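S.K.: structure for the following, please:
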Amino acid sequence: PVSLPWINANGEWLSLANPALGVHRSSVDGVVFHHSGGIHGHGFAICLCCGRAEPMDGEDDLPDAFFDHKKGKLKEHRRLRGAQGGETSVCEGSYNAYSIQRGLRLGHEARTDVLELVLRGLDDQPIRDRKTAFTLAVAIRNAVAATLGIESSELGCDTKPVRFMGEGSCQAIVVFDRSASGYASSVADRLPQILRAAADELNCVESCDSACQHCLLNFDTRFRLDDLDRHAGQGFLSSEWLTALQLPAQFAYFGPGSVAEHQTLVEAITRELAMPSCELLRIYLGGEPADWDLAISPLRRWISRWAATGVAVELVLGADIVQRVSRADQSVLAAMDMLDAVTLRVGKAAPIAQGSAVLAEVGQGGRVIAWGGLQGRALPGANWGDCDGAVLVRGAAIKSVALGERVEFELSVPEGLPAQTVRIEIS
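M.R.: Coordinates of the predicted model:
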């Protein structure tokens, strides 16, 4: 029997436009693990000498190809490649019990593009019914294929149980490329369109009871008819659910042009810096300075990379923060300030909704693109920029930023070092 693969998209969970309706993530480096336990589910007996594999008949019961059950001992078996490469077609492993390994499961891991979604209903509950989840997986797979103009057979789909945000077990929907062609990972910015198209995929011209060849059944779903129910899928992807999918008004930080970002903050900034018109990156540091830890923050590494592109980089600190930055963080900021194109400035981002803050801005020609999210994400610590399923909003900055003078910190020597410690500076 065919064992369904284990599928996983590596990456950070991002909110849908309406965070109440679910999260998604996509990756070009997702994992699809194909595995088999043999026809009886007890694994395989494998000869280490010739490579011949036969399914186990029982938990510790060797198959007839390797064992004579009447005589109760190993019997001669033919080499996998016959007499090629040897004097006889009989494998030498026939006479060595240790050569026949028992109960081995076979598996193969492949890297490919994967899209993963965990959807919630209007009742704020995630999908727990596997039939509903798999029906939506097939519909979304077909919608992705139709949107990209490819055959649905180039994509695979399935569901898997996950534990998410303390809500117990629910079903995640996964869509993946069968040949790592970049399809599944390229549609995150079009998920609202994909989900609306998936709702259309659930309509059947023959008005079937659950699924048929006119809607959801095709070559790779023909054996899973019991897992399909288009009516259950339609009940979830209702017109009310699709209407609620748009960005809620309270998250429209930058006016009517606000949209939910489909990538992480780091990925989004890197994407915009690649535009030829980009001339400025501004990062706002927030939170309590006592909670900062720039030494381990990913921000430190990314500032170095972004500065290497030649774009001017400004790190902005509030006036009330400058005097409270710890000596260790002052030293890290001073090291950043020594990089070409990096400047430390006093200033404050334009205010947005309570509990949220502008995290970063990119200047491109005459416009400024800004990203807003939870205030805690502006804190330069180990989790700087992470969304953890919360919505990250992108839009055009609608208010000017008040920037003050330049800030300069000094590199400091850590306290408690031995007297013979020597400081070396490389410039």
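S.K.: for the stretch 1-150 of the chain, which segments count as helices?
M.R.: The residue ranges that make up the helices of the stretch 1-150 of the chain, judged by DSSP state H, counting those that start in this stretch, are 130-148.
S.K.: give me the below-cutoff pLDDT ranges for it.
M.R.: Where the stretch 1-150 of the chain drops to pLDDT under 70, the residues are 1, 84-86.
S.K.: which residue ranges form the strands in it?
M.R.: 6-8, 14-15, 22-36, 44-47, 53-55, 67-68, 73-74, 100-104, 106-119 (DSSP state E, counting those that start in this stretch).
S.K.: residues of the fourth one that come out buried?
M.R.: Put plainly, it is strand 44-47. Neighbour counts over strand 44-47 (16 or more other CB atoms under 10 Å) mark F44, A45, I46, C47 as buried. From N, CA and C alone the C-beta is placed, and that goes for glycine too.
S.K.: residues contacting the first one?
M.R.: If I follow you right, that is F44. Contact analysis of F44 by CB atoms under 8 Å, 6 or more residues apart in numbering lists S36, G38, A53, E54, P55, M56, G103, L104, R105, L106.
S.K.: before we move on, back to that, of the strands of the stretch 1-150 of the chain, flag the one that's most buried.
M.R.: Of all the strands of the stretch 1-150 of the chain, strand 14-15 has the most neighbours on average by mean count of other CB atoms under 10 Å, namely a mean of 24.
S.K.: strands paired with that one, and their directions?
M.R.: Strands adjacent to strand 14-15 in the sheet, as given by DSSP bridges, are strand 22-36 (antiparallel).
S.K.: CA atoms of the strand it pairs with as CSV?
M.R.: Below are the C-alpha coordinates for strand 22-36, written out as CSV (Å, rounded to 0.1, in the frame of the first residue of the first chain):
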residue,chain,number,x,y,z
GLY,A,22,-5.6,31.7,9.9
VAL,A,23,-1.9,31.7,9.1
HIS,A,24,0.4,30.5,6.3
ARG,A,25,4.0,29.9,5.5
SER,A,26,5.9,28.9,2.3
SER,A,27,9.4,27.8,1.5
VAL,A,28,11.6,26.9,-1.4
ASP,A,29,13.3,24.5,0.9
GLY,A,30,10.4,22.5,2.2
VAL,A,31,10.7,18.8,3.0
VAL,A,32,8.7,15.9,1.5
PHE,A,33,9.6,12.6,3.2
HIS,A,34,8.4,9.5,1.3
HIS,A,35,8.4,6.3,3.3
SER,A,36,7.2,2.7,3.2
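S.K.: what angle do that strand and strand 106-119 make?
M.R.: With axes from the mean of the first three to the mean of the last three CA atoms, to 10 degrees defining the directions, strand 22-36 sits at 160 degrees from strand 106-119.
S.K.: quick one: strand 22-36 to chain centroid distance?
M.R.: Taking CA atoms, centre = their mean, to the nearest Å, one finds the center of strand 22-36 at 8 Å from the center of the full chain.
S.K.: how close does Y98 sit to C47?
M.R.: Counting by CB to CB, to the nearest Å, the separation of Y98 from C47 is 11 Å.
S.K.: also D291?
M.R.: Applying CB to CB to D291 and C47 gives a distance of 60 Å.
S.K.: A396 touches P256, doesn't it?
M.R.: No - counting by CB atoms under 8 Å, A396 sits too far from P256 to count as a contact (10.2 Å).
S.K.: neighbour count winner among these two?
M.R.: The neighbour comparison of A396 against P256 (other CB atoms under 10 Å) goes to A396, with 12 against 7.
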